[in-house]
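Novice: any chance you could fold what I've pasted below:
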Amino acid sequence: MVYLDTHVVVWLYSGLTDKLSDIAKSLLNANEVYISTIVRLELQYLYEIKRITDRLNAIVADLSDLINLQVCNKNCNEIVSITLTINWTGDPFDRIITANAQINNNILLSKDQNILNNYIYARW
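Specialist: Model prediction:
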């Protein structure tokens, strides 16, 4: 099981697979692929501030068809409890995305150096 950081979702949707590392491509091909529900919120936020041009439902639906992307349904209270222990970033999206993956020590695909430096199962 692999979780995707928001920028990875945007790159995959945009067809920018050249931005992915070989390790990321290999993990995507060999595992079930998930996003945290907070990634949905961040995609909506990016749409509202015009950093992306497509709505989150189109992105998630397209990637669901393309790579069988699934939205995680882990317990919100459990995610928030783990989020409260993450103090290496002030970014609430990064905290929650990481906490979501951390529940079962799942891999989180991210190019974010702060996540890579602080979450043992982050990969790029």
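Novice: what about the strands in this protein?
Specialist: Taking DSSP state E as the test, the strands found in the chain are 2-4, 33-35, 70-71, 107-109, 122-123.
Novice: in this protein, which spans are helices?
Specialist: Using DSSP state H, the helices of the chain run over residues 6-13, 22-30, 37-48, 56-67, 76-83, 92-102, 113-118.
Novice: hmm, residue 83 is touching residue 97, no?
Specialist: No - Residue 83 is beyond contact range of residue 97, at 9.5 Å (criterion: Cβ atoms under 8 Å). For every residue, glycine as well, the C-beta is placed using N, CA and C.
Novice: looking at these two, which is more packed in?
Specialist: Remark: of residue 83 and residue 97, residue 97 carries more neighbours, 28 against 18, as counted by other Cβ atoms under 10 Å.
Novice: next, count neighbours for the residue nearest to the more buried one when sequence neighbours are not counted.
Specialist: In space, residue 97 comes closest to residue 36 once its chain neighbours are excluded; the distance is 5.0 Å by Cβ to Cβ, 6 or more residues apart in numbering. Residue 36 has 24 neighbours, counted by other Cβ under 10 Å.
Novice: which residues touch residue 36?
Specialist: For residue 36, the contact set (Cβ atoms under 8 Å, 6 or more residues apart in numbering) comprises 3, 72, 79, 96, 97, 100, 101.
Novice: so can I have JSON lines of the residues you listed showing pLDDT and distance to residue 25?
Specialist: Shown next, in JSON lines, are the contacts of residue 36 (pLDDT from 0 to 100; distance: Cβ to Cβ, whole Å):
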{"residue": "3", "pLDDT": "98", "distance to residue 25": "16"}
{"residue": "72", "pLDDT": "95", "distance to residue 25": "21"}
{"residue": "79", "pLDDT": "95", "distance to residue 25": "27"}
{"residue": "96", "pLDDT": "96", "distance to residue 25": "25"}
{"residue": "97", "pLDDT": "97", "distance to residue 25": "20"}
{"residue": "100", "pLDDT": "96", "distance to residue 25": "22"}
{"residue": "101", "pLDDT": "97", "distance to residue 25": "19"}
